[in-house]
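Engineer: Here's my sequence, what's the structure:
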Amino acid sequence: MSTAILDAEKIPGQSLDIKTVIPACPIAVYQFRAQRLAELAQESGLAEYFGLLEQLVSAQQKVAALDGLAAKSCFGPEPRLDLTQSKPMALDHFEWGNYWQSVLLELVSELMPKVSAELRIVLKDLVKADADVVQGYAKSMLSGHLAEVPSQYSLFIWAALSVYWSHWAVDVAEGLAMVGESHRRLCPVCGSHPVGSVIKDEPRTGLRYLHCSLCETQWHEVRAECTACGESKGVNLWAETETNAAIRIESCDTCKGYTKMFFTDINPKLEVAVDDLATMVMDNHLVEHGFSVTTVNPLLLAHEQDEGFQPSEQPHAKVGDIH
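Structural biologist: Numbers count the residues shown, from 1 in each chain. Predicted structure coming up:
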């Protein structure tokens, strides 16, 4: 596989007179993600897994669309947040309680008639587990300790947490956008790692936003800087073939981290989580060259990422260059 390399220093800087935080519309996010999963299922080589993910994301969309009394019953009262502090919806910054478990029950209810008999057993065991145990699993996942959670439950727990967080994150993100609040590495709303970089054509072509792996918020980060350590020297862009590829990888020689970039201004069909999963072969080449991923994909929560991964640190999963 051929490699195209661009020196990130040649990318011009960007004015910060832009919207630094873009609140998510959870219903639209999940709808778009489910559509992309369906589109890529066959060519991904993981048709069965993509089919399961489509069912799960479609269930997320349905729960996110609840309103009125149904929404109040599922999501509970609006959490009390201190909007004066950094990352107000971070794990230890507010009382998030266990209402997210109601979201989990709704997701399982949606999935039960559609999944295999084997998976139904897994889901039944999950919803029958002691509430305090499941709460502990959630805390472990939000703290980055994925190995403390049974691997068969991780995908579904994170999906429920994402729906809960994204439901309440919208107003917080809108408030942060008003004051121009942003953070380089972590989500300014909940402090989670990004899934990847999204290069947009609106409000101006070429703007880069990082997409949160938990609450789906997007926040602006200037181009030509490492999204993990902020270094501008030794940052390179990699592509499988040509320099104007719609999916590229940005690597950093300083921290040896990398993040995938999705140029939706070139291909508007790209969806950050789905297309990251569909292009894992690119990650393998980066790993071989000693780089590590600095992002988290909610559709593939690998337990190998657990060692040393904290919410305020760089994830540990191995990844590195493209040839």
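
Engineer: which helix in the protein runs the most residues?
Structural biologist: Assignment by DSSP state H gives helix 151-179 as the longest helix of the chain.

Engineer: Now residue 56. Nearest residue, chain neighbours left out?
Structural biologist: Spatial nearest neighbour of residue 56, chain neighbours left out: residue 159 (5.6 Å); criterion: Cβ to Cβ, 6 or more residues apart in numbering. (Each C-beta comes from the backbone N, C-alpha and C, glycine too.)

Engineer: which residues touch that neighbour?
Structural biologist: Counting by Cβ atoms under 8 Å, 6 or more residues apart in numbering, residue 159 touches 56, 57, 59, 60, 107, 298.

Engineer: Need the three-state assignment for residue 248.
Structural biologist: strand (DSSP: H, G, I helix; E, B strand; the rest coil).

Engineer: separation between the residue nearest to residue 56 and residue 153?
Structural biologist: 11 Å (Cβ to Cβ, to the nearest Å).

Engineer: repeat for residue 266
Structural biologist: 37 Å.

Engineer: so who does the closest residue in space to residue 271 that isn't next to it in sequence touch?
Structural biologist: Excluding the flanking residues, the one nearest residue 271 by Cβ to Cβ, 6+ apart is residue 36, at 3.9 Å. Listed by Cβ under 8 Å, 6+ apart, the contact set of residue 36 reads 269, 270, 271, 274, 275.

Engineer: Correct me if wrong, but residue 36 is in a strand.
Structural biologist: No. Going by three-state DSSP, the assignment for residue 36 is helix, not a strand.

Engineer: got the contacts of residue 36 as CSV, with secondary structure columns?
Structural biologist: As requested, these are exported to CSV (three-state DSSP):
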residue, secondary structure
269, coil
270, coil
271, coil
274, helix
275, helix
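
Engineer: Of those residues, which pair is most distant in space?
Structural biologist: For these, the farthest-apart pair by Cβ to Cβ is 269 and 274; their separation is 9.8 Å.

Engineer: quick revisit: which one of the contacts of residue 36 is nearest residue 196?
Structural biologist: residue 275 (8.4 Å).

Engineer: Give me the spatial nearest neighbour of the closest one, chain neighbours excluded.
Structural biologist: residue 262 (5.9 Å).

Engineer: So that neighbour versus residue 191, what's the distance?
Structural biologist: Per Cβ to Cβ, residue 262 is found 22 Å from residue 191.

Engineer: Model confidence for residue 36, exactly?
Structural biologist: For residue 36, the model assigns a pLDDT of 98.

Engineer: cool, residue 319 as well?
Structural biologist: pLDDT at residue 319 comes out at 27.

Engineer: Ok, residue 204 next?
Structural biologist: 75.

Engineer: Ok, residue 236 next?
Structural biologist: 85.

Engineer: hmm, which of the contacts of residue 159 are the buried ones?
Structural biologist: Buried members of those, counted by 16 or more other Cβ atoms under 10 Å: 56, 57, 59, 60, 107, 298.

Engineer: and those residues as CSV, adding distance to residue 169?
Structural biologist: Output for the buried ones among the contacts of residue 159, formatted as CSV (distance: Cβ to Cβ, whole Å):
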residue, distance to residue 169
56, 20
57, 17
59, 19
60, 14
107, 18
298, 14
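
Engineer: Quick one: mark the members of these that sit in helices.
Structural biologist: Using DSSP H, the members of those that fall in helices are 56, 57, 59, 60, 107.

Engineer: out of these, who's nearest residue 231?
Structural biologist: Looking across those and measuring by Cβ to Cβ, the closest to residue 231 is residue 57, at 34.6 Å.

Engineer: need the helices for the stretch 151-300 of the chain, in chain order.
Structural biologist: Secondary structure of the stretch 151-300 of the chain by DSSP state H, counting those that start in this stretch: the helices cover 151-179, 272-278, 280-288.

Engineer: among those, which is the most enclosed?
Structural biologist: Comparing the helices of the stretch 151-300 of the chain on average neighbours per residue, with mean count of other Cβ atoms under 10 Å, the densest one is helix 272-278 at a mean of 25.

Engineer: shaky segments in the chain?
Structural biologist: For the chain, the stretches with pLDDT under 70 are 1-17, 181-183, 203, 242-243, 302-323.

Engineer: Let me see the ranges of the strands in it.
Structural biologist: Assigned by DSSP state E, the chain shows strands spanning 4-7, 21-22, 194-200, 207-212, 218-220, 235-239, 247-252, 257-263, 292-293.

Engineer: residues in contact with the most centrally placed residue in the chain?
Structural biologist: Taking Cα atoms, centre = their mean, the centroid of the chain lies closest to residue 213, which sits 2.1 Å from it. By Cβ under 8 Å, 6+ apart, residue 213 lies in contact with 192, 193, 194, 195, 273, 295, 296, 297, 298.
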